[in-house]
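J.: my questions are about this predicted structure, shown below with the sequence.
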There are 2 protein chains.
Amino acid sequence: MSPNEPGGLRERKKLATREALSAAALRLALEHGPENVRVDDIAEAAGVSPRTYNNYFSSREQAIVAALAAERALRVGAALRARPADEPLADAVVAAVLDLCTSTDEPSGDALTLITSNPALRKAFVQTLTEIEQPLAAAIEARTGTRGLAPTVLAAAVSAAARVALENWVSPAPGNPLLVVPQGSLAELMREALGHVAPALDAADH
Amino acid sequence: MSPNEPGGLRERKKLATREALSAAALRLALEHGPENVRVDDIAEAAGVSPRTYNNYFSSREQAIVAALAAERALRVGAALRARPADEPLADAVVAAVLDLCTSTDEPSGDALTLITSNPALRKAFVQTLTEIEQPLAAAIEARTGTRGLAPTVLAAAVSAAARVALENWVSPAPGNPLLVVPQGSLAELMREALGHVAPALDAADH
DNA sequence: ACACAAAAGTGCGTGCACGCAAAAATGCGC
DNA sequence: GCGCATTTTTGCGTGCACGCACTTTTGTGT
């Protein structure tokens, strides 16, 4: 009566299809370029109907980015849980988010360059950062014991800061010169951006 | 050589079509319900071709919400500039954003209920809050004199907090009970949410 | 083993977003 | 007024997202 738990065979198959789709999407995008990949191609490569593809992803870009996105979402949660419980909230959060920047650069470098070099994919990838809000909020709630708006707001603020850092990294100056040249590593940018919201985290860390 | 300034006749006509489109979109949505309004209808009501409509808006929802959104974007900037220069940054920002909640409730009540009662429109409306980041960032930069990431990050954090408040207002509990019942006014929610990011603003207010 | 309920997959039809290139409108210098 | 460069509008074609109803698969209870 409950094949909805991770143990269920149904769930596993569903996850398998999802991964097959995103893997196929990423592979095809790498092979033929993002613009030359049609939804039908992805569906066929994954062995499902085009319509089924749309049951899993609501945009081509989302499918291509999904693989990296999912890994990142899991990593944040794990990283935050791995921090010592007595560490200040701000430090723990910063460390957890930074872990995303340092580790993710390696696994599939060509995938990252593909994504960052395509506007539509960049947008989808940045959008991905929104998905870390939920795990972040949960972790913050667990740490502080606070309930209500606070954890959600703080998680959203952190996510927003990370988004700004990421945007400034991929496209240094969309119109304005931007005094601080972001040629530095993403980690540096991220650290600075998070630093600006850290006071809010400190205030909530009773 | 510069009909791009507000004085140019070309610019005025462009703005006029835009307003005609969004006005038509909102009116038709109010009359027949959001789902029963096709893009062609909006275009015809505004006296332009369907293709032209897409040169102005990239989604039906965006067109419907645009009228309210534009007014709000202007209002934030004005509200922030209207605050005394020696007021603490956090207070000024909170006041400016709150102004959005208190004033906007009145102009077109039925439009608001229409928007809040439709998921797709809600999404578009919430998305609108992103547009206040730019004016906010500019205003913060002007106040603090700080340049670089700080103003952008802070504006993003404020916008994110406002977004959370708005989301919790329109749909109190999407899954979880949420201890603090958000039946209170939007202004109250907003005030609390912004309060959680206020420390970050204080820290930047030299 | 069998039947049955739930859930995932599928086909179809509709409306939409958007690139591209041609056509109309606009503003400027003469 | 006149023609020219620029901008805006438009028509067309393509690919896509998604609701709906239907089929197939899967897990469970008997």
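T.: That came in fine, so what should we check first? From a predicted model like this one, the values you see are computed outputs, not experimental measurements.

J.: quick check, the residue in chain A closest to DNA strand D?
T.: Chain A approaches DNA strand D most closely through A:Leu9 (2.6 Å), counting by CB to the nearest atom of the strand. For every residue, glycine as well, the C-beta is placed using N, CA and C.

J.: number of nearby residues for that residue?
T.: When neighbours are counted by other CB atoms under 10 Å in any protein chain shown, A:Leu9 registers 8.

J.: give me the pLDDT for it.
T.: As predicted, A:Leu9 sits at a pLDDT of 71.

J.: same deal with the one 5 residues further on?
T.: pLDDT for A:Lys14: 93.

J.: let me know the secondary structure of it.
T.: Here A:Lys14 is recorded as helix under DSSP: H, G, I helix; E, B strand; the rest coil.

J.: does stretch A:29-45 reach DNA strand D?
T.: Yes. Contact of stretch A:29-45 with DNA strand D (CB under 7 Å from any atom of the strand) involves A:Val37, A:Arg38, A:Val39, A:Asp40.

J.: so what's the closest residue to A:Leu89 other than its chain neighbours up against?
T.: Nearest non-adjacent residue to A:Leu89, counting by CB to CB, 6 or more residues apart in numbering or on different chains: A:Asp205, 3.9 Å away. Counting by CB atoms under 8 Å, 6 or more residues apart in numbering or on different chains, A:Asp205 makes contact with A:Pro88, A:Leu89, A:Ala90, A:Arg143, A:Thr144.

J.: domains for chain A, by residue range?
T.: Residue ranges for the domains of chain A, per automatic domain parsing: A:1-58, A:64-204.

J.: would a markdown table of these with distance to B:Arg60 be doable?
T.: Shown next, in a markdown table, are these (distance: least, CB to CB, whole Å):
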| stretch | distance to B:Arg60 |
| --- | --- |
| domain A:1-58 | 16 |
| domain A:64-204 | 20 |
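
J.: hey, which of those is tucked in deepest?
T.: Each of the domains of chain A was scored by mean neighbour count; the highest is domain A:64-204, a mean of 18, by mean count of other CB atoms under 10 Å in any protein chain shown.

J.: give me the mean pLDDT for it.
T.: 87.

J.: so, in contact with DNA strand C or not, that domain?
T.: No. Figure legend: domain A:64-204 not in contact with DNA strand C (CB under 7 Å from any atom of the strand); closest approach 8.7 Å.

J.: equivalent analysis for stretch A:9-18, please.
T.: Yes. Residues of stretch A:9-18 contacting DNA strand C under CB under 7 Å from any atom of the strand: A:Arg10, A:Glu11, A:Lys13, A:Lys14, A:Thr17.

J.: moving C-terminal of whichever strand or helix holds the first one, what's the next helix or strand?
T.: Assigned by DSSP states H and E, A:Arg10 falls within helix A:9-32. With elements assigned by DSSP H and E, the helix or strand that comes after helix A:9-32 is helix A:39-46.

J.: what residues does that following helix touch?
T.: With CB under 8 Å, 6+ apart as the criterion, helix A:39-46 contacts A:17, A:20-21, A:23-25, A:27-28, A:49-50, A:52-54, A:60, A:63.

J.: who in chain A is up against chain B?
T.: Contact residues (CB under 8 Å from any CB of the partner chain) of chain A with chain B: A:147-150, A:152-154, A:156-157, A:159-161, A:163-165, A:168, A:178-180, A:189, A:192-193, A:196-200, A:202-204.

J.: for B:Asp40, see how far away A:Asp202 is.
T.: 54 Å (CB to CB, to the nearest Å).

J.: next one: A:Val164
T.: From A:Val164 to B:Asp40 the distance is 39 Å (CB to CB).

J.: list the helices and strands whichever strand or helix holds A:Val94 packs on?
T.: Using DSSP H and E, A:Val94 maps to helix A:89-104. If you count contacts as 3 or more CB pairs under 8 Å, 6 or more residues apart in numbering or on different chains; DSSP states H and E, helix A:89-104 packs onto helix A:60-82, helix A:133-144, helix A:149-170, helix A:186-204.

J.: JSON lines for these, including distance to DNA strand D?
T.: Output for the helices and strands packed on helix A:89-104, formatted as JSON lines (distance: least, CB to the nearest atom of the strand, whole Å):
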{"stretch": "helix A:60-82", "distance to DNA strand D": "4"}
{"stretch": "helix A:133-144", "distance to DNA strand D": "20"}
{"stretch": "helix A:149-170", "distance to DNA strand D": "21"}
{"stretch": "helix A:186-204", "distance to DNA strand D": "28"}
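
J.: nearest to B:Cys101, out of the ones you listed?
T.: helix A:149-170 (15.1 Å; CB to CB).

J.: orientation of that closest one relative to helix B:149-170 in degrees?
T.: Calculated by axes from the mean of the first three to the mean of the last three CA atoms, to 10 degrees, helix A:149-170 forms an angle of 140 degrees with helix B:149-170.

J.: okay, the angle between helix A:149-170 and helix B:186-204?
T.: 50 degrees.

J.: orientation of helix A:149-170 relative to helix A:133-144 in degrees?
T.: Using the same axes, to 10 degrees: helix A:149-170 against helix A:133-144 is 130 degrees.

J.: which ones are touching the spatially closest residue to A:Thr116 that is not a sequence neighbour?
T.: Excluding the flanking residues, the one nearest A:Thr116 by CB to CB, 6+ apart is A:Val170, at 5.1 Å. Taking CB under 8 Å, 6+ apart, we find A:Val170 in contact with A:Thr116, A:Arg122, A:Val126.

J.: how near is the nearest residue to A:Thr128 once chain neighbours are set aside to A:Arg18?
T.: Spatial nearest neighbour of A:Thr128, chain neighbours left out: A:Ala69 (4.2 Å); criterion: CB to CB, 6+ apart. As judged by CB to CB, A:Ala69 and A:Arg18 stand 12 Å apart.

J.: how close does the nearest residue to A:Leu114 once chain neighbours are set aside get to A:Ser103?
T.: In space, and not counting its chain neighbours, A:Leu114 is closest to A:Leu30: 5.9 Å by CB to CB, 6+ apart. Going from A:Leu30 to A:Ser103 by CB to CB gives 20 Å.
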